[in-house]
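>>> sequence below, structure please.
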Amino acid sequence: MKKFLHAATTSLWLILAVALLLRVGFLYQFQHDHPKQAVSVIPFLFESGNVAHSLATGAGFSSPFRVNTGPTAWMPPIYPLLLAAVFRIFGLYTFASFIAATLLNIGFATIACVPIFFTGKRIGGLPVAAAAAWLWAIFPNAILIPVESMWDASLAALLVATILWATLALAESSRARDWCAYGLLWGITLMTNATLVALLPLLLAWLAYRAYKQQRPWLAKLALSLGIAALCCAPWSIRNYKVFHTFVPLRSGLGLQLWLGNNDTTQDIFRAERHPIYDAAERARYIELGEVAYMHEKQSQALQYMQSHPAREAHLIWRRIISFWSGGTPTPLKDFLNVDSTWFRFVLLFNLAAALGALYGIVVLVRRRSPTWFPAAVFPLIFPWAYYLSLVLPRYRLPIDPVVLLLTAVALESFFQTRHRPVLNSTEPRT
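Residues are numbered from 1 along each chain as shown. Here you go, the predicted structure:
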């Protein structure tokens, strides 16, 4: 029986089956609780869905605000192109399109168990691998967001999990084709979620350092990976230059995001009142200036506000840090006590526990002098700063949650290993 239980709990196939069942089960409950007319339209009425609508109707990569505003570089192209394909196959704003798009997200979130499992195996063996994959399988955010959010978060989570696995694997490889594949993986990732670009130089620097320590050639292969990643992004950058007559390498929306999180009406919780998708005056200003000039104006206003209100800015950053790791609330203790929902409390505690577990997992890897601590740590330590300084939504954290839960699994394995370690009797001889 012990062998059977061990085989079952460490079976990747069982983990995948449970992960898929939980997500499809939530989808079934979600569509059962909401009118078909609502879920056919409302989830797509945001920037990614609006751009997908423009693509599907032949208007090109444009109009992120439900009205015709012309070409855009609001976000990288891969996820809107996937949604546009769904629209073309299943129809515009249909229930079939909602189900298809959601199942696509669910598929990404479920398959992420695979690289999580094999990365855990590299870092800490089978116990860490199974624990990390199980945590991801039952993680509330990874069940809710694929159904509720028509954004790139689920696909980005799969790509991040794959990048960490590929980074650790590449540290042991000298084959040029592996470095080429790594560059291709990064190119696809950057065309999905531009914020992850901050991690690319850090992970490449770690790979170069590992190759240098092992006395393996690295400079040419590093250049090869970077070159292929850049080539993947080049068509998009060329298109943007032709459209906007200026260099827009990945996305244009940073200036607005920075301003939305740093202006005189910003609140601790982002409510989006001044976003152009809701605010007619801001939308008119966006149309008047054009996208690039509008983003530059907003970035300038945000930086001026941040420099002139340092105390307020420190408060906002601290609240955003809490919101990012609690799952979306800047006052987790107050909400835990006041919100009468067992499910909300469970989600809140799971998010906070994962954050603390990831931090302790980094400490464990550092103490063990594991070379994997650095590539694992950069995801939770570096990636969130783009949001600490701008604004936080629950889906922003999901791309790095596979790594967060992997580090939590390392922490759990260390905790149980310490608890079950035999204690030597003081009278017995020590070796």
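>>> where does this protein dip in pLDDT?
Applying pLDDT under 70 to the chain picks out residues 419-431.
>>> 50 - rerun?
423-431 (pLDDT under 50).
>>> which stretches in the stretch 151-300 of the chain count as helices?
According to DSSP state H, counting those that start in this stretch, the stretch 151-300 of the chain carries its helices in the segments 153-170, 176-190, 200-213, 219-244, 254-260, 280-289, 291-308.
>>> can you mark which positions in the longest one are buried?
Using 16 or more other C-beta atoms under 10 Å as the burial criterion, the residues of helix 219-244 that qualify are 221-222, 224-226, 228-229, 232-233, 236, 239-240, 243-244. Any C-beta I mention is one placed from the backbone N, CA and C, and that applies to glycine too.
>>> any idea how far it is from the chain center?
In terms of C-alpha atoms, centre = their mean, to the nearest Å, the centre of helix 219-244 is found 22 Å from the chain centre.
>>> packing partners of that helix?
Helix 219-244 sits against helix 176-190, helix 200-213, with contacts defined as 3 or more C-beta pairs under 8 Å, 6 or more residues apart in numbering; DSSP states H and E.
>>> cool, and the second one?
With contacts taken as 3+ C-beta pairs under 8 Å, 6+ apart, helix 176-190 sits against helix 153-170, helix 219-244.
>>> any idea of the angle that helix forms with helix 153-170?
Interaxial angle of helix 176-190 relative to helix 153-170 (axes from the mean of the first three to the mean of the last three C-alpha atoms, to 10 degrees): 160 degrees.
>>> export helix 176-190 as PDB, just CAs?
C-alpha atoms of helix 176-190 as PDB (Å, rounded to 0.1, in the frame of the first residue of the first chain):
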ATOM      1  CA  ALA A 176      24.600  25.000 -30.200                       C
ATOM      2  CA  ARG A 177      21.100  23.700 -31.000                       C
ATOM      3  CA  ASP A 178      20.200  23.900 -27.300                       C
ATOM      4  CA  TRP A 179      21.300  27.500 -27.100                       C
ATOM      5  CA  CYS A 180      19.300  28.200 -30.300                       C
ATOM      6  CA  ALA A 181      16.200  26.600 -28.800                       C
ATOM      7  CA  TYR A 182      16.700  28.700 -25.700                       C
ATOM      8  CA  GLY A 183      16.800  31.900 -27.800                       C
ATOM      9  CA  LEU A 184      13.600  30.800 -29.600                       C
ATOM     10  CA  LEU A 185      11.900  30.100 -26.300                       C
ATOM     11  CA  TRP A 186      12.700  33.600 -25.100                       C
ATOM     12  CA  GLY A 187      11.600  35.100 -28.400                       C
ATOM     13  CA  ILE A 188       8.200  33.500 -28.000                       C
ATOM     14  CA  THR A 189       8.000  34.600 -24.400                       C
ATOM     15  CA  LEU A 190       8.800  38.200 -25.100                       C
END
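>>> what residues sit buried inside that helix?
Asp178, Trp179, Ala181, Tyr182, Gly183, Leu185, Trp186, Gly187, Ile188, Thr189, Leu190.
>>> what about Asp401, how many residues close to it?
Residues lying near Asp401 (other C-beta atoms under 10 Å) number 28.
>>> can you put the buried residues of helix 219-244 in a markdown table and add distance to Ala166?
A markdown table is the format used below for the buried residues of helix 219-244 (distance: C-beta to C-beta, whole Å):
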| residue | distance to Ala166 |
| --- | --- |
| Lys221 | 14 |
| Leu222 | 14 |
| Leu224 | 14 |
| Ser225 | 10 |
| Leu226 | 15 |
| Ile228 | 13 |
| Ala229 | 12 |
| Cys232 | 15 |
| Cys233 | 18 |
| Trp236 | 22 |
| Arg239 | 28 |
| Asn240 | 28 |
| Val243 | 33 |
| Phe244 | 33 |
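>>> which of the residues you listed sits closest to Leu155?
For the buried residues of helix 219-244, the minimum distance to Leu155 (C-beta to C-beta) is 15.3 Å, reached by Cys232.
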